[in-house]
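A.B. asks: Build me a model:
(chains A, B and C)
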Amino acid sequence: MGGGDVYDAVIVVALLLVAASATAAVVQRDPARQALVLSFSGVVLATLFTVLQAPDVGLSQLAVGSALTPLLIMLSVRKIRRRGRSKEDTR
Amino acid sequence: MSTVMHVLPYLVAVYVFLTGCYGLATSRNLVHAVGCLAVCQSATYVLLLAVGYRDGGTAPVFSDIRPGSRPVVDPVVQALTLTDIVVGATVTALLLALVLQIAKRHGTVDPDELRELRG
Amino acid sequence: MNRLRLWLLALGGAGLAALLVAACLDLPGFGGRRHPYGDRAVHASLARHTANTIASVNFDQRAYDTLGEMSILFAAVLGCAVLLRQARDEHRARPRPAEVARPVRRYALLALPVALVTGLYVIAHGQLSPGGGFQGGVVAATALHLLYLGADYSALERVRPLGVHEISDAVAVCAYVVLGLASVLAGTAFLANTLLPYGTFNTLSSGGSVPLLNAAVGMEVASAVVVLLAHFIDQAVEIEEEHRS
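C.D. replies: Okay, here's the model as predicted:
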């Protein structure tokens, strides 16, 4: 079965991409940049889920992992930075 | 190839989980720690879907295939993962709200500085 | 102190890694043929004329579990609303309307209706094709926020009355519980899918109570995400601390 082997190779590539993007998301220490890496990692995970024949889960991951979670992190970072700035102004 | 293939997805899930834990433990910023927790969560999705996969299977959706004509992958774990993702996002939001409160009350989001404040 | 902590982390991590790898080697191999629960779930879903087995598992076979997930979601949103409310020592500052680049404005306003309709379509076809309340709700709610990109925050606040979304969040959770109680009144178990006829396979009105529960979840997730994002954007853009000088 040549087709099965090719499909296995696709799964392996998707798995390795997931591992690499997760590492990148942890190693990036700046939260704003981490949000961007997480967003990319969400797309890679959605691809893996689609390859594993789970389109429902892929759709969910695409909406949540690559849009909602990074957006919430970005908004939190902005709030914390703005606090820091306004505090320095009053000093 | 095939013996590696039988455990590789599980090992990737373990690796992603441990990487997230390492990030959580060494993080110097609570917002970054919440991001690492999201990475840990994604490890559980990979593990669950890997358990449910079947060689040559297709998605368990019968709107365009005739029932019984092809093997399908396990729908139970997919349903678990699906709700897990959306609920996980709201829990992330709750944690971020707590971080914002900490930033307001203590003026810092570094866990080490927070410990010094209390002590 | 810090060195000690890293050593402790390395020790615990190595132990956990060894245990997890040992567990992985004992799991049934990836891609195996034996999925007893999956086969039974597919069988039950086809018996109840639901084309998308995952929707059937979520809203029929494990509907009680989904009620639990919904309450976690509801409680988390409630917690966020309480934590991020405007405190006594804070005030609201209107942000200055920012200049939006023309192309950004044009494409955001073009994409908004498309994304919104896609979200509603994904919710409505949950029992037929991949999708459903959980995914479509998130898509529809985030689509609304393209208005923040394309116009500005006050435009978003006008089309998104927060009170309405808070109420619709609660109403959706109640609707789910009421649908469950309706089947108790009809003489079967809580949330049992016996109330409505199963309909014709692969049409919009198939699957008994699955489309109704799916719609309730879609409404809840959409309003929950809108409320969450509203509180975070308020914190990031509008609410400021009083300057104590």
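A.B. asks: use CA for all of it now, contacts and neighbours both
C.D. replies: Noted.
A.B. asks: list the contacts for the residue of chain B found nearest chain C?
C.D. replies: Residue of chain B nearest chain C, by Cα to the nearest Cα: residue B:54 (4.0 Å). Residues near residue B:54 by Cα atoms under 8 Å, 6 or more residues apart in numbering or on different chains: B:72-74, C:30-33.
A.B. asks: Does residue 16 lie in a helix or a strand, and which?
C.D. replies: Went with chain A since none was named. helix A:2-27 (DSSP states H and E).
A.B. asks: wrong one, chain C
C.D. replies: Here residue C:16 is assigned to helix C:2-26, by DSSP H and E.
A.B. asks: just to revisit the earlier point, is it possible to get JSON lines of the contacts of residue B:54 that adds pLDDT and distance to chain A?
C.D. replies: JSON lines is the format used below for those (pLDDT from 0 to 100; distance: Cα to the nearest Cα, whole Å):
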{"residue": "B:72", "pLDDT": "90", "distance to chain A": "9"}
{"residue": "B:73", "pLDDT": "91", "distance to chain A": "7"}
{"residue": "B:74", "pLDDT": "92", "distance to chain A": "9"}
{"residue": "C:30", "pLDDT": "88", "distance to chain A": "11"}
{"residue": "C:31", "pLDDT": "85", "distance to chain A": "10"}
{"residue": "C:32", "pLDDT": "84", "distance to chain A": "13"}
{"residue": "C:33", "pLDDT": "84", "distance to chain A": "15"}
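A.B. asks: JSON lines for the residues you listed, including neighbour count and secondary structure?
C.D. replies: What follows is these, written out as JSON lines (neighbours: other Cα atoms under 10 Å in any protein chain shown; DSSP: H, G, I helix; E, B strand; the rest coil):
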{"residue": "B:72", "neighbour count": "24", "secondary structure": "strand"}
{"residue": "B:73", "neighbour count": "30", "secondary structure": "coil"}
{"residue": "B:74", "neighbour count": "31", "secondary structure": "coil"}
{"residue": "C:30", "neighbour count": "22", "secondary structure": "coil"}
{"residue": "C:31", "neighbour count": "21", "secondary structure": "strand"}
{"residue": "C:32", "neighbour count": "14", "secondary structure": "coil"}
{"residue": "C:33", "neighbour count": "16", "secondary structure": "coil"}
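A.B. asks: need the contact list for residue A:62.
C.D. replies: By Cα under 8 Å, 6+ apart, residue A:62 lies in contact with A:42-43, A:46.
A.B. asks: How about the residues of chain C by chain A?
C.D. replies: Residues of chain C lying near chain A by Cα under 8 Å from any Cα of the partner chain: C:54, C:130-131, C:134-135, C:138-139, C:142, C:229, C:232-233, C:235-237, C:240, C:243, C:245.
A.B. asks: what distance separates the lengthiest helix in chain B from the centre of its chain?
C.D. replies: Determined from DSSP state H, the single longest helix within chain B is helix B:75-106. From the chain centre to the centre of helix B:75-106 is a distance of 10 Å (Cα atoms, centre = their mean, to the nearest Å).
A.B. asks: Could you do stretch A:75-88 as well?
C.D. replies: With Cα atoms, centre = their mean, you get 24 Å for stretch A:75-88.
A.B. asks: can I get the contacts of residue A:62 in a markdown table with pLDDT, distance to chain C and neighbour count?
C.D. replies: Converted to a markdown table, the contacts of residue A:62 look like this (pLDDT from 0 to 100; distance: Cα to the nearest Cα, whole Å; neighbours: other Cα atoms under 10 Å in any protein chain shown):
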| residue | pLDDT | distance to chain C | neighbour count |
| --- | --- | --- | --- |
| A:42 | 95 | 14 | 27 |
| A:43 | 96 | 15 | 22 |
| A:46 | 95 | 13 | 26 |
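A.B. asks: of these, closest to chain B?
C.D. replies: residue A:42 (8.8 Å).
A.B. asks: Report the contact partners of that closest one.
C.D. replies: Shown in contact with residue A:42 (Cα under 8 Å, 6+ apart): A:61-62, A:65-66.
A.B. asks: how near is it to residue B:29?
C.D. replies: Distance, residue A:42 to residue B:29, by Cα to Cα, to the nearest Å: 21 Å.
A.B. asks: Equivalent analysis for residue C:171, please.
C.D. replies: Separation of residue C:171 from residue B:29 (Cα to Cα): 38 Å.
A.B. asks: Show me which of those two is the more surrounded one.
C.D. replies: residue B:29 (18 against 15; other Cα atoms under 10 Å in any protein chain shown).
A.B. asks: Apart from its neighbours in sequence, what residue is nearest that one?
C.D. replies: Distances taken as Cα to Cα, 6 or more residues apart in numbering or on different chains place residue B:110 nearest to residue B:29, at 4.8 Å, with adjacent residues excluded.
A.B. asks: where along chain C do the strands fall?
C.D. replies: C:90-92, C:239-241 (DSSP state E).
A.B. asks: Go through those and name the closest to residue A:78.
C.D. replies: Shortest distance between residue A:78 and the strands of chain C, using Cα to Cα, is found for strand C:239-241: 12.1 Å.
A.B. asks: list the helices and strands that closest one packs on?
C.D. replies: Packing partners of strand C:239-241 (3 or more Cα pairs under 8 Å, 6 or more residues apart in numbering or on different chains; DSSP states H and E): strand C:90-92.
A.B. asks: Which stretches in chain C count as helices?
C.D. replies: For chain C, the helices defined by DSSP H occupy C:2-26, C:36-47, C:53-56, C:63-83, C:102-124, C:133-144, C:146-150, C:153-159, C:162-185, C:210-233.
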